[in-house]
Structures are given as structure tokens and as C-alpha cells.
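Peer 1: Quick check, what structure comes out for this input:
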Amino acid sequence: MINPTIDRRSYIPLYVQVKDALEDLIESGGLATGEQLPGEPELCRIFDVSRTVVRQALRDLELQGLILREKGKGTFVAEPKLREGLFQELTGFYEDMAGKGRPPVSQILKQEIIPAPPRIAGYLRLRAGAEVVHIDRLRFVDGEPLVLVASYLPAARCPGLEQVDLARRSLYEYLESAHGIVIARGRRVLEAVPASEYEAGLLGVKKGAPLILLDSISYLADGSPIEYYHALHRGDRSRFEVELLRGVDLPVAP
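Peer 2: Model (predicted):
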């Protein structure tokens, strides 16, 4: 049941009030995943607002990834976004999802030793042309493609990696158990980018759809880089959480 709470004396625009009312209903479970929303004329009647107001509210909900609008069919509640803590914790995608009880499965697109291109060599502090293991993976959660990731690691530090089955295994777990390699810190950069035709085809989205680009360099305790990866997360299904601390002195544990 939609609660048409509209305050016409409020400074908050009408379309924002409509959006907030629908968002609250979705977040509370009043509208379930996959459920169809009333059509625009019915929403206009419920909220007693113009079609322009309803369309703006629905457009904002679509941009937030809360609804899907299918031409000729209607508007539906979207699958909730997967929350990822890759920015506040030094984990890989596998560990992050497995910790939520949803371990991913990877389709290996490429897994081979190649000469390091100059840019990759620079990230890993190698000479250009040094051997690196290049792994391209399309990663699925609950059968849905969510992330396209390319990883590069110095081949000399992890011999045999190019032959390891990573379809259902964490790369970081393998590195630690097989080679004693423990990631100590990382530098990660986040950016919004449009999907290319190739990326869109693999991730099951439209060309130009918003993707979240995550670039990362991972380091060992001695400061040497051990991995560079370039990951593209679906913008409609991904949500990153970051915990921030104010720059004050914190008590030291005894």
C-alpha cells in the first residue's frame, strides 16, 4: 500500500517527496523485488501530482538502481544492490562475497604468462617485458555476471599460477597457501565509466550503462607491489561502503 504523503507547503520539491515515498516502500519491503509498480496515471492519481512530477521521481529511482523500467511492460522493483566492503577492508571480491554467504563463481576468460606492457610493468616495478601472469575473469554471484576483472602478478613470485583453477577459488587464498604471499596494504581508485560494447555484452547490460571502475595495486609488507588489477563492477548491482574516521588521536589498545 502506497502512502501518498505529500506536503505542498514543504520546501522539498514534489518529485522528491514522491521518490522518497516510493523508496521507503521499496526499502521496507512494502514493494517486493520484481513487483510491478502502478502505472504513471495511477501514481499521478495516488499522489495527486502531475505526470511530469511522477516521471522525474521514477527517473531518479531508476538512476539509484531501485527500479527497472521495461518498455511495453512497466516499472518493476530491481534486485537490491550487493554491498561490497572492498574499500574499507583489504579483501578480494571472493572473500567479500563469501563472507556474506554468496561465494562467487568465475568464468576464466584468459589465464596466461605474457611480457609486461610498460604501464603494467610500471605498476609492479618490473622492467618492461618481464613475465607477468595475466588473468581475466568474469565473476558471477547467484548466477548473475557482476564484475569483469583483469589481474596482473609477477610470474617469478607465483610460479604455476597460470595453471591454477580459480573458477571457485580465491586468488588471495591461493597466493597465501601456495606461496606464503600475504597482501599487507593496497591503493584503490574508484571511478564511474560507461560500458563498452564488449564489456556490456559480458556483463549483460546495455552499451554505455554505468559501471564502477576499481583500479588497485596491492603491496606486500616490505612495500613491493604484488598485484595490479582493473575491475569493472555493474553500477546497477554494486554498492561500495566506506567507513571514515576523523583525523583525531585514537586510544591505543593495551
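
Peer 1: Show me the shaky parts of the stretch 1-150 of the chain.
Peer 2: For the stretch 1-150 of the chain, the stretches with pLDDT under 70 are 1-4, 64, 80-103.

Peer 1: Which residue ranges of it form helices?
Peer 2: All helices of the stretch 1-150 of the chain, identified by DSSP state H, counting those that start in this stretch, fall at 14-27, 40-47, 51-63, 93-98, 118-124.

Peer 1: With the stretch 151-254 of the chain instead?
Peer 2: Secondary structure of the stretch 151-254 of the chain (DSSP H, counting those that start in this stretch): helices at 171-179, 197-203.

Peer 1: I'd like the average pLDDT over the first one.
Peer 2: When pLDDT is averaged over helix 171-179, the result is 89.

Peer 1: That helix - contacts with which helices or strands?
Peer 2: helix 93-98 (3 or more CB pairs under 8 Å, 6 or more residues apart in numbering; DSSP states H and E). C-betas here are computed from N, CA, C, even on glycine.

Peer 1: that older thread, can you tell me which of the helices of the stretch 151-254 of the chain is nearest to residue 74?
Peer 2: Closest to residue 74 of these, according to CB to CB: helix 197-203, at 23.6 Å.

Peer 1: residues making contact with that closest one?
Peer 2: Helix 197-203 is contacted from outside by 138, 145, 146, 148, 195, 206, 207, 208, 209, 211, 232, 234, using CB atoms under 8 Å, 6 or more residues apart in numbering.

Peer 1: Can I get the buried ones among the residues you listed as something I can paste into ChimeraX?
Peer 2: Of the contacts of helix 197-203, the buried ones go into a single ChimeraX selection, burial set by 16 or more other CB atoms under 10 Å:
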select :138,145,146,148,195,211,232,234
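
Peer 1: got the contacts of helix 197-203 as JSON lines, with distance to residue 127 columns?
Peer 2: Listed next are the contacts of helix 197-203 as JSON lines, based on distance: CB to CB, whole Å:
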{"residue": "138", "distance to residue 127": "31"}
{"residue": "145", "distance to residue 127": "36"}
{"residue": "146", "distance to residue 127": "35"}
{"residue": "148", "distance to residue 127": "28"}
{"residue": "195", "distance to residue 127": "34"}
{"residue": "206", "distance to residue 127": "41"}
{"residue": "207", "distance to residue 127": "37"}
{"residue": "208", "distance to residue 127": "38"}
{"residue": "209", "distance to residue 127": "38"}
{"residue": "211", "distance to residue 127": "32"}
{"residue": "232", "distance to residue 127": "28"}
{"residue": "234", "distance to residue 127": "36"}
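
Peer 1: Max pairwise distance over the contacts of helix 197-203: which two?
Peer 2: Among the contacts of helix 197-203, 138 and 208 lie farthest apart (CB to CB), at 19.2 Å.
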